[in-house]
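Build me a structure from this.
(one chain, ligands or ions: 4)
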Amino acid sequence: MLDLMIKNGTVVNANGSAKQDVGIKDGKVVMLGDSAYFPESKEVIDAKGQYVLPGFIDSHVHVNLKMGEFTTLDSFYNASLAAAFGGTTTMVEFAIPYKGETPLDAVVRRKEEADNQSVINYSFHGCVTNGNDESYRDVAELITGGIPTIKMFTVYKDVVMVGKGEILQVLKIIKEKGGLAKFHAESDDIIDYQINEFIKNGKTTPMYHPLSRPSIAEAEAVSSLLTLIEHTEAPAIFVHMSTGMVKEQLKTYRNRLPVFTEVCPHYLMLSDQFYNGEDGQNYICSPPLRPAHEIDGLWEMVQSGLIDVINSDHCCYDTEQKNKYKTEFYKAPNGLPGIETRGTVFFSEAVMKNRITINQFVDFTSTKAAKLMGMYPKKGVIGIGSDADVVVFDPRTRFQITAQNLHMQTDYTPFEGFEVTGSPVHTIINGKHIIANGNLKDDSFRGQFIKRGKPILN
Ligand code: URP
Ligand code: ZN
Ligand code: ZN
Ligand code: ZN
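Ligands and ions are numbered 1, 2, ... in the order given. Okay, the predicted model is just below:
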């Protein structure tokens with residue numbers, strides 16, 4: 001007897017699609033094919049006209065993020081529930097050490113926060129924010145102990161930034177132990193100089209935020225890090241890329257080194273014009289939104305295989321927090337909410353507008369992340385023996401995005417009023433039907449902590 005069967009849909013994986021029924025038992029996919037030959041099932045979902053996709057993986061989210069004066073407003077329960085509504089079944093959050101903590105301390109603290117709270121499956125990235133022996137020891141321990149991804153920031157001085165010397169040392173350990181470095185790449189020097197100039201001249205409204213963090217600041221940091229990556233041959237991913245300025249350089253390096261890239265829906269859909277509006281502060285994130293021509297360059301990267309994963313960089317601030325420094329951009333909280341909207345907005349913009357295929361969509365939102373994060377083929381594919389993390393997605397629904405209908409702990413979405421096509425209808429996590437026809441069906445279910453393996457780099 002099966003626990004759950006999904007009938008009449010089109011199963012889509014990164015490498016192909018087929019009209020197939022899916023049989024699920026004990027949290028795993030156990031049958032694929034014609035359900036006429038399946039045993040009976042306790043429950044059946046009819047997915048006629050719908051896609052049956054591997055559950056989305058969001059490997060860049062921040063939950064209860066305390067950065068300077070502000071803390072984001074969601075708990076692991078809140079964020080993961082919103083994620084489940086959006087079709088995301090696994091998230092990887094950043095365990096950023098507080099003062100006095102080592103990277104491992106931060107992972108332990110974060111895991112305690114998420115255990116028995118997170119509705120979806122979860123893991124963490126280790127984060128090095130201090131160059132000392134404890135940090136280096138922890139990096140080695142984390143990589144071999146199920147946390148193979150290590151984040152470093154080249155900005156946010158005196159908060160989380162580390163210098164190039166420390167980065168070089170961490171890259172050597174990552175290479176030796178078989179991990180993957182993650183970089184927030186922006187040049188702190190360039191940005192610091194620009195911000196000080198704007199402050200001197202009284203130019204501190206949100207429109208100066210993108211001008212203070214020009215694309216060249218991102219390009220310079222990427223270039224410099226590529227030199228360190230080349231020297232150490234450590235695998236690395238540049239997160240939330242916002243510019244096509246480094247396209248040619250990336251192309252060259254990717255031919256010979258394991259260098260990967262991430263982009264977020266907001267960089268593909270929203271331009272820097274939003275900073276000129278009355279609510280410009282709501283769009284402050286780092287790197288900033290870019291001019292329209294830069295967005296074309298990013299889409300070219302998506303379409304030409306220069307981008308590997310699409311993640312949200314979810315940061316759940318509300319408008320009250322965003323308003324506090326409405327006219328002092330450099331003090332404002334950085335980041336946008338997006339854990340719930342990522343799948344839908346990217347599907348609508350990318351697949352429905354014929355920029356990519358549905359199979360590429362699966363690769364960007366699930367399969368490639370599963371590989372790079374060390375969770376494949378448990379996650380990231382609908383195949384016999386894989387975890388039954390599945391999203392049934394209806395490509396026909398048309399609606400307007402509005403914060404009122406979303407479940408994130410904030411009162412706004414940067415995509416307010418956007419007309420989109422396609423939405424998740426059912427979310428199945430570890431074989432359990434959690435979201436049914438867009439409604440929460442089982443509020444008692446909790447996801448699992450995932451001990452991850454080595455990143456798969458090809
Ligand atoms: O603006 C952003 N992206 N804030 C979140 C922290 C980070 O840099 O990813
Ligand atoms: Zn970042
Ligand atoms: Zn982030
Ligand atoms: Zn059900």
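
can I see the domain layout of this structure?
Annotated domains of the chain cover 4-53+381-410+420-440, 55-372 [automatic domain parsing].

Out of the ones you listed, flag the one nearest residue 448.
With C-beta to C-beta as the criterion, residue 448 lies closest to domain 55-372 of the domains of the chain, at 5.3 Å. For glycine as for every other residue, the C-beta is placed from the backbone atoms N, C-alpha and C.

how far does the closest one sit from the chain's center?
8 Å (C-alpha atoms, centre = their mean, to the nearest Å).

Need the three-state assignment for the closest residue to residue 282 other than its chain neighbours.
For residue 282, ignoring the flanking residues on the chain, the nearest one in space by C-beta to C-beta, 6 or more residues apart in numbering is residue 322 at 4.9 Å. For residue 322, the assignment made with DSSP: H, G, I helix; E, B strand; the rest coil gives helix.

Now mean pLDDT too, for the domains of the chain, in TSV please.
Shown next, in TSV, are the domains of the chain (pLDDT from 0 to 100):
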stretch	mean pLDDT
domain 4-53+381-410+420-440	98
domain 55-372	98
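
ok, the residue nearest to residue 282 touching residue 331?
No: using C-beta atoms under 8 Å, residue 322 is not in contact with residue 331, being 11.4 Å away.

Those two: which has the busier surroundings?
It is residue 322, of residue 322 and residue 331, that has more neighbours when counted by other C-beta atoms under 10 Å, with 24 against 12.

Quickly note the distance from the residue in the stretch 101-250 of the chain positioned nearest to ligand 1 to ligand 4.
Relative to ligand 1, the nearest point of the stretch 101-250 of the chain is residue 184 (4.8 Å; C-beta to the nearest ligand atom). Distance from residue 184 to ligand 4, counting by C-beta to the ion, to the nearest Å: 39 Å.

Show me where the stretch 101-250 of the chain has its strands.
With DSSP state E, counting those that start in this stretch applied, the stretch 101-250 of the chain shows strands at 121-127, 149-153, 180-184, 236-238, listed in chain order.

Just grab the bridge partners of residue 4 for me.
As for beta bridges, residue 4 partners with residue 24 under DSSP bridges.

wouldn't it be in contact with residue 41 here?
Yes: counting by C-beta under 8 Å, residue 41 is a contact partner of residue 4 at 6.2 Å.

shared neighbours of the two, anything?
residue 23 (C-beta atoms under 8 Å, 6 or more residues apart in numbering).

what's around the closest residue to residue 446 other than its chain neighbours, how many residues?
Of all residues beyond its chain neighbours, the one nearest residue 446 is residue 116 (5.7 Å), with distances taken as C-beta to C-beta, 6+ apart. Neighbour count of residue 116, defined by other C-beta under 10 Å: 10.

Distance-wise, check residue 116 relative to ligand 4.
Per C-beta to the ion, residue 116 is found 23 Å from ligand 4.

for the stretch 251-400 of the chain, what spans make up the helices?
Using DSSP state H, counting those that start in this stretch, the helices of the stretch 251-400 of the chain run over 265-269, 292-303, 319-324, 342-346, 358-362, 368-372.

The stretch 1-150 of the chain too?
With helices called from DSSP H, counting those that start in this stretch, the stretch 1-150 of the chain shows them at 76-85, 103-114, 133-144.

For stretch 150-161, buried residues please.
Using 16 or more other C-beta atoms under 10 Å as the test for burial, stretch 150-161 gives 150, 151, 152, 153, 154, 155, 156, 160, 161.

again with stretch 56-67
Neighbour-count burial for stretch 56-67 flags 56, 57, 58, 59, 60, 61, 62, 63, 64, 65, 67 (criterion: 16+ other C-beta under 10 Å).

which residue sits closest to the last one, ignoring its sequence neighbours?
In other words, residue 67. In space, residue 67 is closest to residue 159, 6.4 Å off (C-beta to C-beta, 6+ apart).

so who does that neighbour touch?
By C-beta under 8 Å, 6+ apart, the residues touching residue 159 are 67, 68, 129.

If we use 10 Å, what do you get?
67, 68, 96, 99, 129, 153 (C-beta atoms under 10 Å, 6 or more residues apart in numbering).

now these in CSV, with distance to residue 241?
Formatted as CSV, the contacts of residue 159 follow (distance: C-beta to C-beta, whole Å):
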residue, distance to residue 241
67, 21
68, 24
96, 20
99, 30
129, 21
153, 15
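
Pull the most distant pair out of these.
99 and 153 (15.5 Å).

List the beta-bridge partners for residue 314.
With DSSP bridges as the criterion, residue 314 is bridged to residue 61, residue 336.

Run a quick check on it versus residue 64, I expect a contact.
No: the criterion here is C-beta atoms under 10 Å, and residue 314 misses it with residue 64 at 11.5 Å.

Show me the common contact partners of those two, please.
Counting by C-beta under 10 Å, 6+ apart, the residues touching both residue 314 and residue 64 are 72, 74, 79, 93.

Could you check how far residue 32 is from residue 409?
37 Å (C-beta to C-beta, to the nearest Å).

cool, and residue 41?
Residue 41 is 36 Å from residue 409, where distance means C-beta to C-beta.

Over to residue 186?
27 Å.

same check, this time on residue 38
Here residue 38 is placed at a distance of 40 Å from residue 409 (C-beta to C-beta).
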